[in-house]
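Novice: The sequence and its predicted three-dimensional model are supplied below.
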Amino acid sequence: MSIEGDVHGEGSDGEEVFIDDEDIINEIPLDEEDLPDQDDDDEQEEDMMDEVEDHSAYAFHGHTDEVFAAACSPTDASLVVSGGKDDRGFLWRIGSAEDVQELPGHKDTVCTVAFSSDGKLVACGSMDGQINVWNTSTRTLEGTLEGSDSGFEWLKWHPRGHLIIAGSEDCNVWMWNADHNAFLNTFAGHSSTVTCGDFTPDGKLICSGSDDATLRIWDPKSAQCRHVIRGHSYHTQGLTCLAITWDSQSIVSGSQDSSVHIVSINSGQVVGSLVGHTNSVECIGISPRYNWVATGSIDQTLIIWDLAHQAIRSTCEHDEGVTCLAWLGSSRYVASGCVDGTVRIWDSLSGELARTFSGHSDAVQSLAVSADGNSLVSVSSDKSARVFDISMFK
């Protein structure tokens, strides 16, 4: 064997040096797996690139599986409820790792959560067919609302009282009085899962959309269906989302078929269509201040529409599908959650991107805005909930 270099005692001028057997002190066997591998270096570089920059002001890590739903208290700016695939709900405070209350009792995914309008009660709905209602002050279980043997897709509180409606996989909408744990009515008529719904803002009617591609408008007291909207001028595939204008006059609904339609609540007629998406519409939100509606789609766009003129104001491009959105109070800003794990803030006046928030490593599933408008809560398939400072977007 010959080596080049500076060896003690000889070869100091850099000449070739020979090592004899008697010069060998010890032999060390080398496993090829122990040798540095170029692939390992490449993987390390990729891992470093994959590390997501975290812009969140706070993160909640109580869940042990994907988190699907979140809501902020309408009266307490730091109180949040979240629900997930770990069959649990949590009531927690922004910025406090100690003030955490688990909301147990479910046997399947908690996929929908909501506070009552006065903030005194919070409800968690599950795919196990139960809704648990909790007192936000005492953190105690007020009652369990049952009736359906199938899972609940969504739940909503009455805008002024303690009535709850929920849409089920059993094709029905259910209604209870949460103060008395009393079942009130079933709204039957859909032929498939009831995927979306709500009370009108004036509290007088109920609207529901289904996988059967129909929209129904109900009288809450009689449980009678006032209007069924379906047919060639309406959606051809299942409804995914709906929103009701603040004057309780119109419904804007979105579908798997990429269409968005406007329906008159009084007449039950389709009065307009918002044409622009090319894939399933996943979320709809109406601005509290402007006569505008925002829609998000798997086609990687958020579109802001002028509702009066039924025209596109701006198209906001994303890198992947849009899963959820939230208007930031009565400001001109709207937030979008994306399959790529980012949350983006858009200026609805200009259509320009105002801010991108990173922190999640998987799809954002739901967004909620705190009562004071300073915090945006996002929950993700990465098992976390994150809070972003939006105080500059008022």
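Specialist: Now that the structure is in, tell me what you want to look at.

Novice: CA atoms only for stretch 58-72 - export them in PDB, please.
Specialist: Extracted in PDB, the C-alpha atoms of stretch 58-72 (Å, rounded to 0.1, in the frame of the first residue of the first chain):
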ATOM      1  CA  TYR A  58     -49.800  29.800  19.300                       C
ATOM      2  CA  ALA A  59     -50.400  26.200  18.600                       C
ATOM      3  CA  PHE A  60     -52.600  23.600  20.300                       C
ATOM      4  CA  HIS A  61     -51.500  20.000  20.200                       C
ATOM      5  CA  GLY A  62     -54.100  18.300  22.300                       C
ATOM      6  CA  HIS A  63     -55.500  16.100  19.500                       C
ATOM      7  CA  THR A  64     -53.900  12.800  18.600                       C
ATOM      8  CA  ASP A  65     -55.300  12.600  15.000                       C
ATOM      9  CA  GLU A  66     -56.600  14.800  12.300                       C
ATOM     10  CA  VAL A  67     -58.500  17.900  13.400                       C
ATOM     11  CA  PHE A  68     -61.600  18.700  11.300                       C
ATOM     12  CA  ALA A  69     -63.500  21.500  13.000                       C
ATOM     13  CA  ALA A  70     -63.000  24.700  15.000                       C
ATOM     14  CA  ALA A  71     -65.100  27.500  16.300                       C
ATOM     15  CA  CYS A  72     -64.400  30.700  18.300                       C
END
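
Novice: What are the buried residues along that stretch?
Specialist: Using 16 or more other Cβ atoms under 10 Å as the test for burial, stretch 58-72 gives Y58, F60, G62, H63, E66, V67, F68, A69, A70, A71, C72. Any C-beta I mention is one placed from the backbone N, CA and C, and that applies to glycine too.

Novice: where exactly do the strands run in the stretch 51-200 of the chain?
Specialist: Secondary structure of the stretch 51-200 of the chain, counting by DSSP state E, counting those that start in this stretch: strands at 58-60, 67-72, 79-84, 89-93, 96-103, 110-115, 121-126, 131-135, 141-145, 152-157, 163-168, 173-177, 182-187, 194-199.

Novice: Go ahead and name everything in contact with the longest one.
Specialist: By Cβ atoms under 8 Å, 6 or more residues apart in numbering, the list of residues contacting strand 96-103 from outside reads 60, 62, 78, 81, 83, 88-93, 110, 122, 124, 132, 134, 139.

Novice: Just the buried subset of those residues, please.
Specialist: Taking 16+ other Cβ under 10 Å as the criterion, what is buried in the contacts of strand 96-103 is 60, 62, 78, 81, 83, 88-93, 110, 122, 124, 132, 134.

Novice: What's opposite the nearest residue to W134 once chain neighbours are set aside in the beta bridge?
Specialist: Closest residue to W134 apart from its sequence neighbours, by Cβ to Cβ, 6 or more residues apart in numbering: V122 at 5.1 Å. Taking DSSP bridges as the rule, V122 bridges to F115, W134.

Novice: Tell me the spacing between V122 and A188.
Specialist: Remark: distance between V122 and A188 (Cβ to Cβ, to the nearest Å) = 28 Å.

Novice: about what we covered before: widest-spaced pair of the buried ones among the contacts of strand 96-103?
Specialist: Greatest spatial distance among the buried ones among the contacts of strand 96-103 (Cβ to Cβ): S78 and N132, at 22.1 Å.

Novice: The residue lying closest to S208 once chain neighbours are set aside: what's it in contact with?
Specialist: In space, S208 comes closest to G197 once its chain neighbours are excluded; the distance is 3.7 Å by Cβ to Cβ, 6+ apart. Shown in contact with G197 (Cβ under 8 Å, 6+ apart): W154, K156, I165, G167, V173, I206, C207, S208, G209, L242.

Novice: Identify, from the residues you listed, the entry nearest to R386.
Specialist: The nearest member of the contacts of G197 to R386, counting by Cβ to Cβ, is W154 at 22.7 Å.

Novice: Near the closest one, how many residues? Count them for me, please.
Specialist: 22 (other Cβ atoms under 10 Å).

Novice: quick thing: my sequence starts at 43, can you match it?
Specialist: With 43 as the first residue, the last one maps to W196.

Novice: contacting residues for it?
Specialist: Counting by Cβ under 8 Å, 6+ apart, W196 touches T154, G167, A208, G209, T237, C238, G239.

Novice: Beta-bridge partners for it, please?
Specialist: Per DSSP bridges, the residues bridged to W196 are G209.

Novice: if I look at it, how far off is V122?
Specialist: Using Cβ to Cβ, W196 is found at 18 Å from V122.

Novice: Which of the helices or strands spans I259?
Specialist: Here I259, judged by DSSP states H and E, is contained in strand 257-260.

Novice: ok, that strand: who's next to it in the sheet?
Specialist: strand 248-252 (antiparallel), strand 267-271 (antiparallel).

Novice: so how far is K263 from R355?
Specialist: The separation that R355 has from K263, given Cβ to Cβ, amounts to 39 Å.

Novice: Equivalent analysis for D240, please.
Specialist: Counting by Cβ to Cβ, the gap from D240 to K263 is 17 Å.

Novice: Looking at the two, which is more packed in?
Specialist: Set D240 next to K263 and count neighbours by other Cβ under 10 Å: D240 wins out with 20 against 9.

Novice: residues touching the more buried one, list them.
Specialist: Taking Cβ under 8 Å, 6+ apart, we find D240 in contact with K198, I207, I248, C249, L284, A285, I286.

Novice: any idea which element the closest residue to the fifth one other than its chain neighbours lies in?
Specialist: Looking back up the chat, that one is L284. What sits nearest to L284 in space, not counting adjacent residues and going by Cβ to Cβ, 6+ apart, is S295, at 4.3 Å. Per DSSP H and E: S295 is located in strand 292-297.

Novice: Quickly run through the sheet partners of the helix or strand just after that strand, with directions.
Specialist: As assigned by DSSP H and E, the chain's next helix or strand after strand 292-297 is strand 302-306. With DSSP bridges as the test, strand 302-306 is paired with strand 292-297 (antiparallel), strand 312-316 (antiparallel).
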